[in-house]
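>>> I'll drop the sequence and a predicted model, then ask my questions.
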Amino acid sequence: MHPEELLRKQAETAPDPGAAEALAPHDLSRLGRRSRRVDGHRKSTGSEIYTDDIVLPGMLHGKILRSPHPHARIVAIDTSDAEAIPGVQSVITGRDMPLAYGIIPWTRDEHALAFDKVRFVGDAVAAVAAVDEDTANEALTRIRVEYEILPPLFEPEEALEASGNPIHEAKKEGRNGNITKHVHLEFGDVDEAMAGSDVTVEGEYYFHGTTHTPIEPHCAVARRNVNGLLEVWSSTQVPHYLQRELARVLDLDVAEVRVVQPAVGGAFGGKSEPFDLEFAVALLAMRTGRPVKILYTREELFYSHRGRHPMDMSYRVGATADGRIRAVDGKLLLDGGAYASFGLVTAYYSGQLLMAPYDVETYRFDATRVYTNKPPCGPKRGHGSVQPRFGFEVSLDKLAEKLGIDPIELRRRNFMGLGRTVNEFRVQSNGFMECLDKVEHASDWKNRYGRLPRGHGLGVAGSCYISGTNYPIYPNDMPQASAQVQIERSGRVTVLHGASEIGQGSDSTMAYIACEELGVPVEYVRVVSADTDLTPVDLGAYSSRETLMVGNAVMMACRELGTKVRASVATATGVGAEQVRLANGWALAGGERMPIARAFMLAEAEHGTLGAVGHYNTPKEGVHGDYRGGTIGASPAYSFTAHVAEVEVDEHTGFVNVRKIWVAHDCGRALNPMLVEGQMEGSAYMGFAEAVMEHQRVKRGTPEGGLHDAPSLLDYRIPTSLDCPEFIPLIVEANDPEGPYGAKEAGEGPLHPSLPAIANAIFDAVGVRIDRLPFTPDRVWRALQAARADAAPESESG
Amino acid sequence: MNVLRPGSVREALGMLADEPTAIPLAGGTDLLVHWPANHAGRDATYLDLGRPGELRAHHWTDKALVLGGTTTYWDVIRDPRSARDLPLLVDAARQVGSVQIQARGTWAGNIANGSPAADGVPVLMAYDAVVVVQSERGVEEILLSEFYLGYKDMRLAGDQLIREIRVPLAARTGQRFEKVGSRRAQAIAKVGLATSHSEDGWRVVAASLAPTVRRCPSVEALFDSDGAAGSVEDVEAALAADVSPIDDIRSTAEYRLRVAARLLFFGNA
């Protein structure tokens, strides 16, 4: 097609921008609009390609043999019978991949397949590739493993005691191998401030453990192509780290490993490190010379876990008579399960992320993460900080009660504003006060809190979360995020970036940014993401980092191109470059306009091929404290949230009916409010479910000790749409100078106040504090019974 | 797995007479739940009841609703007369799994599966349903409330097929179905209760509170004696004599008994 024909056609279909001069700048912006997702149509019609949709010629199916024992030494493995089955192509064991791996370079304690010991029921022991799944399953039954049973440790308190059979060998003489990490940090003199406080409250809190339950189970496909390149498609949220660990464990040149992340059907932190199946498909593909696929069963998903740590927490909070927080003293015991995963970071986060949005005079926390013979815990949406937030925000409610101060007012009095937290994180934007105002107003708090009929109650809680972390998982000075943008002369813009689209909308967000900067309609943008061969490095979808970090990288690349395009349009039309705008498929120059493709052609003719790269690196100076561990949890920008929950407690059944949740979240600039609200809704519902329904736990005793008690979607209770409360999203935009257009995170922060807001609402409803999660009917009913029993003698004597 | 595919009830009964260990299969919804782990089940023989059309239809007489051996929950939900004349059947059917399960699952399958947590059985029992079983030896009619002998143990021999279920129509002055699950859909009952009242007196049926779904004679007697029990404690004591709940992953014995008693008292007082 001749260029002029193409332009005529585009001009016919492009939306009429009207007279450019008549439009205010915000009318031309596509940010802040409720826009459809770039992958929305594919996902809603079922045409999206997930890893399990990939079928390659000659592909084999793999299965993994898992330990039936929670703790045992592997004495011998005999795979000969399995290998003899017709259709079985390869059987591998831990001896084939002896190098330990782990997402955190300082705590590499896992093997792709168990090397000498198994540490939880479900630990991978061997893997098989066969012509079909039935044959592979049959082969698993023929692998003979001789175990020497070791006593299992299920209770974190027991793990604190050094034993003769530690779950992991201690790294240093005299240490307890059952401890992953101990962190003790103090800011100011807590004892002195506590002693000087007018009032103190204390409590013991327990978070019970929950898992992610994405719709899509983990899946990986590998093949080694004729050039020797190892290609792995995986349902992961960290392609870059996976590529590096595959190369390390398989002893390959990292340049010979390609990781591609197809569409992911939910992850929530449960796919943010390498897993046994990824190593297994890779080695099986290398051994057999054929592609190999492994898809976890739902049961395997419950065992691979990496979900939220159970935590025993105690908090003591001291305050002045007018409610100003003087001292916070926390002690936490984290039940880590069998491996470290992100546990070193979890231990830090459990203390470090608590100290905003409040101005706290002194703070101390002591966190210990221990190993137990259970499925390993790891990061789940709101990594490390959801549990302490529960304990702390309930403590604040108790403080408000004790002082006779309205709980929202108490939080206002302690608002930190901008500046430094007590643990020295730099906060440059903070919309928490507006969040409180919004939920207070929307819930009619002033007229309803403390005044609803018995059985009905309102509760409030606040929180803060990070928009990515300042330091990457492995130390380096290179950018954390990068992007490459190409303009094709048809008007098409291709954005190549490393961010992992896991349902949160990162591909869409990057497309909106390209539209904003280059003036193309969203249909003209192609997003290519998370393919280590094609896209520049990004570290992955964790810590709520994608919008801020990759968004900045895409913005940088697009701005370089936009400058060139505007300059060329200016030259052609004779106006100043500053008067040229690119928007809605048009280049607008003074009173003139041209289809955006013509502007691109002008620029390509003048500057040559149009392409640019962009990157983002985090600020390192003056953004955190100099103390050991001071960098962990420090973020370029912080989001803030406030919830009000309304509950109805049935005193006959103990059933807590969460009727409504108001969520106000400060995400900085909301690039697409619909996506932000989706993240707020998903977070609030996940938190709601963790508060009243979900529980990841294993059985105790012999012989079933270590078995998951409900590894199915029937009995592991996630809510259905009928169970979910009414949800009211309230977006607050306190723009941050570090974020693209001021944007911060929205994917994890809004979860945090869910649990304490519901706990505090239960207290308002029935006057009973339940400091142990989850608030299941029998637990609530027992608490009500106990409260009644406590109250009865007094009423009799009084 | 070995599958027999009879074309008629007569053929099916012949096959069962020859091979009484064959497992009749209708919607398959209970079979599939355990299929991945059910290694022994792969070698079993199944009798597919999908072809005999005469088993599927349900019909109304002037005295009863007659459900066929493969009538589904959805068949009953879809029939407008059900909600009018036997509303608990619709209430219970709506609680079974999901819509997909309701479309495949059958009433007879729910009876033959023998789960103590069944959703369909309690309401049938509260309506005095009669199970009609057939074999080459003849036809037998058994009151559903007398059908179960123990956990997964019932008066159904290997050569017998549930031919139909007869649900009597009666003037009922009260009827109720309550299911307490872990969530509002796609859940298995922690407590299930079906009650009805007619000139024959009260029927109180409990699910998930004993090894089988069962009637609660002490509670029925209490309700019959003065129309309504005097206090919730009376109901709890009577119920405790009728059932034997256990602790399991879904709930505790104490919670089940306590909640069931409250539902009975406050729902029927």
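Received the coordinates, thanks. Numbers count the residues shown, from 1 in each chain, chains lettered A, B, ... in the order given.

>>> Assign a three-state SS to the residue in the stretch 101-250 of chain B that chain A sits nearest to, would you?
The stretch 101-250 of chain B approaches chain A most closely through B:Arg184 (3.9 Å), counting by Cβ to the nearest Cβ. (Glycine included, C-beta is placed from N, CA and C.) Three-state assignment for B:Arg184 (DSSP: H, G, I helix; E, B strand; the rest coil): coil.

>>> Test for you: state the pLDDT assigned to it.
Listed pLDDT for B:Arg184 reads 83.

>>> Give me the residue at the spatial middle of chain A.
A:Arg381 (3.8 Å; Cα atoms, centre = their mean).

>>> same thing with chain B?
B:Val121 (1.4 Å).

>>> Sticking with that one, tell me its helix or strand.
helix B:120-126 (DSSP states H and E).

>>> Which SSE is immediately downstream of that helix?
strand B:130-135.

>>> what mean pLDDT does that following strand have?
The average pLDDT for strand B:130-135 rounds to 98.

>>> And stretch A:390-398, by the same measure?
For stretch A:390-398, the mean confidence score works out to 98.

>>> ok, and what's touching that stretch?
A:201-203, A:205, A:207, A:313-315, A:317, A:328, A:330, A:354, A:407, A:410-411, A:459-463, A:753, A:755-757, A:759-760, A:763, A:769, A:771, A:773 (Cβ atoms under 8 Å, 6 or more residues apart in numbering or on different chains).

>>> Which members of those occur in helices, if any?
The helices, defined by DSSP state H, take in A:407, A:410-411, A:755-757, A:759-760, A:763 from the contacts of stretch A:390-398.

>>> from those, which single one is nearest A:Leu153?
A:Leu755 (27.3 Å; Cβ to Cβ).

>>> Enumerate every residue touching the closest one.
A:207, A:386, A:389-390, A:461, A:687, A:690-691, A:773.

>>> now residue 159, what's its secondary structure?
Since you didn't name a chain, this refers to chain A. Reduced to three states by three-state DSSP, A:Ala159 is helix.

>>> Chain B is the one I meant
coil.

>>> give me phi/psi at it?
Per-residue torsions, B:Asp159: phi -90, psi 0 (degrees, to the nearest 10).

>>> quick one: low-confidence ranges for the stretch 101-250 of chain B?
Residues of the stretch 101-250 of chain B that meet the criterion pLDDT under 70 lie in B:227-229.

>>> Now do the residue of the stretch 101-250 of chain B closest to chain A: how many residues are near it, please.
For B:Arg184, the count of nearby residues is 14 (other Cβ atoms under 10 Å in any protein chain shown).

>>> didn't it look like it was pressed against A:Asp723?
Yes - the pair B:Arg184 and A:Asp723 qualifies as a contact (Cβ atoms under 8 Å) at a distance of 5.0 Å.

>>> Return the nearest residue of the stretch 1-150 of chain B with respect to chain A.
For the stretch 1-150 of chain B, Cβ to the nearest Cβ, closest residue to chain A: B:Pro36, 7.0 Å.

>>> can you count the residues close to that residue?
11.

>>> Is it in a helix, a strand, or coil?
helix.

>>> Next, the contact list for it, please.
A:297, A:299.

>>> try 6 Å this time
Going by Cβ atoms under 6 Å, 6 or more residues apart in numbering or on different chains, B:Pro36 touches no other residue.

>>> quick one, domains of chain A?
A:3-30+A:479-616, A:51-150+A:218-295, A:311-470+A:624-791 (automatic domain parsing).

>>> which residues sit against stretch A:118-126?
So stretch A:118-126 is contacted by A:64-67, A:69-70, A:72, A:93, A:113-114, A:143, A:145, A:167, A:276, A:303, A:338, A:373-375, A:706-707 (Cβ under 6 Å, 6+ apart).

>>> meant to ask about stretch A:653-663, not that
So stretch A:653-663 is in contact with A:439, A:442-443, A:643-649, A:680, A:684, A:688, A:692, A:725-729, A:750, A:758, A:775, A:777, A:780-781, B:259, going by Cβ under 6 Å, 6+ apart.

>>> What about residue 8, how many residues nearby?
If you meant another chain, say so; for now it's chain A. A:Arg8, neighbours per other Cβ under 10 Å, totals 12.

>>> Hmm, no, I was thinking of chain B.
By the criterion of other Cβ under 10 Å, B:Ser8 has 13 neighbours.
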